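# Generate coordinates for the sequence data below:
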Amino acid sequence: MSRYRERPPVGALTGAIACVWTHGADAGGHVQRVVPDGCVDLIWMGDRLDVVGPDTAARLAELPPGSRITGIRARPGAARLLLGDVPATELRDLQIDGLDCWGALIRCTVDRIRDAPEQAGRILEEFACSRLSEYRPDPALSAVVAALDSPAPLAVPTLADTLGLSERQLRRRVTAAVGYGPQLLSAVLRFQRAMRRGTGPGGLAELAHATGYADQAHLTREFRRLAGVTPGQYFTPR
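Residues are numbered from 1 along each chain as shown. Below is the predicted model of the structure:
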């Protein structure tokens, strides 16, 4: 069994950070299915600080018995706040030591968490806040993410035209800010909406209709692609 908790970030970070979270395992340990969400995380895992890039498929993460990890999660499009000068595309589907990403800039943060692991969430927030003055978000990305996170998102050419961009510019800017292009981001955001909603009295057919899938078969294909299991297996795990 495991215990997952998240909370909103401090005020200055709300535009770029989705949440600060903790995940703990009981004495039996836990294996967590990690699925794509369009985000980048900075995670304290026992004795090291890792940067987790944007996932394009599910993976299994093992939490040892009695362990506790703490993370801070950037919103889709805000990866650079937690990556600095490292392009999000270079960390796609990767998890690396934060020292390899930030070098000496993050050494003090690592040392502080080692001295006070119970304060890991607050210390990670302070690190993110310290980067805000140098963080230059793409001004178009919040509009792009909002437009794609819809049951009926605009086609990429239409969205680009709406924002006064060429289709090539839009694809390039989304890829730079997220780690992959707008079509995959749209699929990931739709998948996340389905995950949050879950199944109700109408079952998977109603879920597919409400969250923007063509039909239940489409929903099932996308869950297999992004979660590695069917919707039924995901919502009723062993």
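
# Run through the residues that contact the spatially most central residue of the chain.
Of all residues in the chain, the one closest to the mean position by CA atoms, centre = their mean is C39, 2.4 Å from it. By CB atoms under 8 Å, 6 or more residues apart in numbering, the contact list for C39 reads A18, P54, R73, A74, R75, P76, A79. For glycine as for every other residue, the C-beta is placed from the backbone atoms N, C-alpha and C.

# now it: how far from S67?
According to CB to CB, to the nearest Å, C39 stands 22 Å off from S67.

# go on, Q119?
For Q119 relative to S67 (CB to CB), the value is 17 Å.

# cool, and A25?
Noted for A25: a distance of 5 Å to S67, by CB to CB.

# Give the buried residues for the top helix by length along the chain.
Secondary structure of the chain per DSSP state H: the longest helix is helix 182-197. For helix 182-197, burial by neighbour count (16 or more other CB atoms under 10 Å) applies to 182, 184-195.

# Kindly reformat the residues you listed as CSV containing pLDDT and distance to F127.
Output for the buried residues of helix 182-197, formatted as CSV (pLDDT from 0 to 100; distance: CB to CB, whole Å):
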residue, pLDDT, distance to F127
P182, 97, 29
L184, 98, 29
L185, 98, 26
S186, 97, 31
A187, 98, 31
V188, 98, 26
L189, 98, 27
R190, 98, 32
F191, 98, 29
Q192, 98, 26
R193, 97, 30
A194, 97, 33
M195, 96, 28
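
# what's the model's confidence in the strand ranked longest in the chain, averaged?
Looking across the chain with DSSP state E, the single longest strand is strand 17-25. Averaging pLDDT along strand 17-25 yields 97.

# Let the chain start at 38 from now.
Happy to do that; since the first residue is 38 now, the last one works out to strand 54-62.

# Give the partner strands of that strand in its sheet and their orientations.
Take DSSP bridges as the rule and strand 54-62 pairs in its sheet with strand 39-44 (antiparallel), strand 105-111 (antiparallel).

# on that earlier part again, so between Q156 and S104, which is more surrounded?
Between Q156 and S104, counting by other CB atoms under 10 Å, S104 is the more crowded of the two (16 against 13).

# Test my guess that that one contacts G83.
Yes - in this structure, S104 is within contact of G83 by CB atoms under 8 Å, at 6.5 Å.

# What pLDDT is listed against P238?
P238 is assigned 89 on the pLDDT scale.

# where's it, which helix or strand?
Using DSSP states H and E, no element contains P238; it sits outside every helix and strand.
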